[in-house]
Each structure stands twice: as structure tokens, then as C-alpha cells.
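Visitor: Predicted model and sequence below, questions to follow.
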Amino acid sequence: MVTRGYDGLPNKYNTLDIGPALVVGTVELTDAQLEKIQSEYQNGGECGWCGNVASMLRPPHMFDYGKNGERMCKICWNHDRQMYLGANGVDIGLFDEDDKSESCTSCSKYLAEEA
């Protein structure tokens, strides 16, 4: 079961994971309220690939067409980047011009720099 919440970003939580946690307070959000919060993140929303909510999304790269205009988060972008580099040596490029993701020297996975 999934519960929607807000912790600075609109997010989805597995209800079973948050059940045993200490509850400090709760607020019920309507769909309209959640939509208003999400609209504050003009370039963000729900990733069309993994379903996570991110503050920054972009259209998919040329090899991975989105369905119905869905957009992709940085984690999914870097995953695809790693897959295409490994499969045929094609680099789809950085997520954006401010992307500081680097490839891990031992496993070659792209690691997003957390801000």
C-alpha cells in the first residue's frame, strides 16, 4: 500500500515501511493540494520510468521514447546512460548542464551527487 506525503518534496511512501516509525504529526492531502504542491516544482513531478517524485525531470533521450509525454528523472537517466555505454558504447550525455554525476571506478555505475 502506498501513501502520498510531503517532506519538502511530494513523495510516495510504502505504508508498511512507515508504520513502525514514530509519528510526529499527520496531515491529509487532497489530490488538489498535492497537485498544487507538485506545481511548485515546475521541472519536477513523477518519473515516468521509476514512479519516484523528483524535483527535476527532463524529456527522455533519443533512444528511449516516453509514452504520453512522460519525463525521466536523473537516476533513470544515469541508469540508461550506463546501459547504453555498456551495450554499444553510445553515451547519451549528461542529464543537464549542471550534472556532476561521475562513474564509479569499481562498478562503472553513475553516481548522482547529492545536494
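Guide: Sure, I can see it.

Visitor: Can you classify residue 28 by secondary structure?
Guide: What DSSP: H, G, I helix; E, B strand; the rest coil gives for residue 28 is coil.

Visitor: and what of residue 3?
Guide: Residue 3 ends up strand, using three-state DSSP.

Visitor: and if you look at residue 22?
Guide: coil.

Visitor: Any idea how many residues pack against it?
Guide: Per other Cβ atoms under 10 Å, the neighbour tally for residue 22 reads 4. (Each C-beta comes from the backbone N, C-alpha and C, glycine too.)

Visitor: which residue packs closest to residue 91, ignoring adjacent ones?
Guide: In this structure, residue 91 finds its nearest non-sequential neighbour in residue 85, 5.7 Å apart by Cβ to Cβ, 6 or more residues apart in numbering.

Visitor: And the pLDDT for residue 65?
Guide: Note for residue 65: predicted pLDDT of 71.

Visitor: same check, this time on residue 45
Guide: 79.

Visitor: going forward, begin numbering at 57 instead of 1
Guide: Fine by me, first position is 57 from now on; the one you just mentioned is residue 101.

Visitor: Residue 125 versus that one, what's the distance?
Guide: Distance check for residue 101 against residue 125: by Cβ to Cβ, to the nearest Å, it reads 11 Å.

Visitor: More neighbours: which of those two?
Guide: residue 101 (19 against 8).

Visitor: Assign residue 72 to helix, strand or coil.
Guide: Using three-state DSSP, the structure places residue 72 in helix.

Visitor: what's the burial count for it?
Guide: The burial count for residue 72: 10, using other Cβ under 10 Å.

Visitor: Next up, the contacts around it.
Guide: By Cβ atoms under 8 Å, 6 or more residues apart in numbering, the residues touching residue 72 are residue 57.

Visitor: ok, back up a step: within the helices and strands, which one has the residue nearest to residue 147?
Guide: For residue 141, the element it lies in under DSSP states H and E is helix 130-144.

Visitor: can you give me how far that helix is from the chain middle?
Guide: 15 Å (Cα atoms, centre = their mean, to the nearest Å).
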